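K.L.:
no sequence on this one, just coordinates:
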């Protein structure tokens, strides 16, 4: 799954942030999110979510998501993020055919 923030089409260039999550098994997200926070839950948060949504063993792959008053989740691989100045129609920052690590114009990391 790829989540992407794009600069406004009116801007020639701006910062794009992309979050890639592989092996997504289940998720609860809105189709449009303004601002996002993704984190590994505390043991208590994981237990509450596992009980509420019946995750069972999958709670080890649980990431919580919030945006304003919205609270959701993703069960999948560890989220990775990349950020760089890009135009609206430029290619994804997660082109796995590109050199690794990316050049100095790209910031990147993982959700801890």
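P.N.:
On my side now, so go ahead. The shown structure was predicted, so the numbers you read here are calculated from the model rather than taken from an experiment. Numbering: from 1, shown residues only.

K.L.:
check contacts around the residue minimising distance to the centre of the chain.
P.N.:
Per Cα atoms, centre = their mean, the C-alpha nearest to the average position across the chain is that of residue 19, at 3.6 Å. Going by Cβ atoms under 8 Å, 6 or more residues apart in numbering, residue 19 touches 2, 3, 4, 36, 38, 79, 80, 81. (Glycine included, C-beta is placed from N, CA and C.)

K.L.:
Swap in 7 Å and give it another go.
P.N.:
Contact analysis of residue 19 by Cβ atoms under 7 Å, 6 or more residues apart in numbering lists 3, 38, 79, 81.

K.L.:
What average pLDDT does whichever strand or helix holds it get?
P.N.:
Using DSSP states H and E, the element containing residue 19 is strand 14-20. Across strand 14-20, the average pLDDT comes to 91.

K.L.:
starting at the chain centroid, how far to whichever helix or strand comes after that strand?
P.N.:
Tracing the chain C-terminally past strand 14-20 and defining elements by DSSP H and E, one meets strand 26-28 next. Offset of strand 26-28 from its chain centre (Cα atoms, centre = their mean, to the nearest Å): 12 Å.

K.L.:
The helix or strand following strand 26-28 packs against which elements?
P.N.:
Sequence order places strand 37-39 as the next helix or strand after strand 26-28, per DSSP H and E. On a contact count with 3 or more Cβ pairs under 7 Å, 6 or more residues apart in numbering; DSSP states H and E, strand 37-39 meets strand 62-67.

K.L.:
Show me which residues of the strand it packs on are buried.
P.N.:
62, 63, 64, 65, 67 (16 or more other Cβ atoms under 10 Å).

K.L.:
Closest to residue 101 out of the residues you listed?
P.N.:
Residue 101 has its nearest neighbour among those in residue 63, at 22.9 Å by Cβ to Cβ.
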